[in-house]
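Student: structure for the following, please:
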Amino acid sequence: MQNDTLRITEIFHSLQGETSRSGLPTVFVRLTGCPLRCGYCDSAYAFHGGQSLSLDDILARVASFGCHTVCVTGGEPLAQKHCLSLLTALCDAGYSVSIETSGHLPIEAVDRRVSRIVDLKTPGSGEESKNRWENLADLRPSDELKFVLCDRRDYEWARALLNERRLTDICPVLFSPVWETLKPQDLAAWVLQDQLPVRMQVQLHKILWGDRPGV
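Tutor: Residues are numbered from 1 along each chain as shown. Just a heads-up that it's a prediction; the model follows:
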């Protein structure tokens, strides 16, 4: 397994900008490639390129930062067949591990020690048809569902789904405004008005350092 290789765009140390782990020092392992093309994507630089690294190389780079928390992201990390081995190796090494996935690919084979942050693509993303609804049945309380919202239409779509499928009974739910598209103040007002039991989040890393790679 340690000879398995993955295509890696970047490995860096920063603050987690999203999810319930927002603000935690975290090592990010960004895998290259994604089968989706969401209109608001902020990591299109990870669609192509990168470098091939063995699991040992990746683990060594992660260890060099001396940080306990690791997030495997993309692109779409699960599009690479050895991503599952990487997740297990990180857990075996004692890290607290999460994965950020688009919700387009199956999640059931992910190591149970990993917190899975699963997107549900809204109409505004342009990729709603790619949602893998079967993933909802595999979610656990340690996972999180994320809606990235472009506008009021997306919000109403997500609100209806939240109620119809009782999503907050499954795991925590995140509502996030698309950067510089939906005003955070508007989303906050809607959530409060409708008394939704969701966590509204903004992208902390972009507030601190702007919209650029490696932060």
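
Student: quick one, strands of the chain?
Tutor: 5-15, 25-31, 51-54, 69-73, 96-101, 115-119, 144-149, 173-177, 199-200 (DSSP state E).

Student: in its sheet, what does the third one sit against?
Tutor: Here the strand partners of strand 51-54, with direction, are listed using DSSP bridges: strand 5-15 (antiparallel).

Student: check which residues of the partner strand are buried.
Tutor: Within strand 5-15, the residues that count as buried by 16 or more other CB atoms under 10 Å are 6-11, 14. In short, each C-beta sits where N, CA and C put it, glycine included.

Student: quick one: residues contacting R199.
Tutor: Contact partners of R199, counting by CB atoms under 8 Å, 6 or more residues apart in numbering, are 20, 172-175.

Student: dump the buried residues of strand 5-15 to a markdown table, plus distance to Q201 and pLDDT.
Tutor: Listed next are these as a markdown table, based on distance: CB to CB, whole Å; pLDDT from 0 to 100:
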| residue | distance to Q201 | pLDDT |
| --- | --- | --- |
| L6 | 28 | 97 |
| R7 | 29 | 97 |
| I8 | 26 | 97 |
| T9 | 23 | 97 |
| E10 | 22 | 97 |
| I11 | 24 | 98 |
| S14 | 16 | 96 |
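
Student: mind putting the strands of the chain into JSON lines with distance to L161?
Tutor: Below are these laid out as JSON lines (distance: least, CB to CB, whole Å):
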{"stretch": "strand 5-15", "distance to L161": "30"}
{"stretch": "strand 25-31", "distance to L161": "28"}
{"stretch": "strand 51-54", "distance to L161": "38"}
{"stretch": "strand 69-73", "distance to L161": "24"}
{"stretch": "strand 96-101", "distance to L161": "18"}
{"stretch": "strand 115-119", "distance to L161": "13"}
{"stretch": "strand 144-149", "distance to L161": "8"}
{"stretch": "strand 173-177", "distance to L161": "10"}
{"stretch": "strand 199-200", "distance to L161": "16"}
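
Student: farthest from the middle of this structure: give me that residue.
Tutor: Q193 (26.9 Å; CA atoms, centre = their mean).

Student: fine by me, we can end here.
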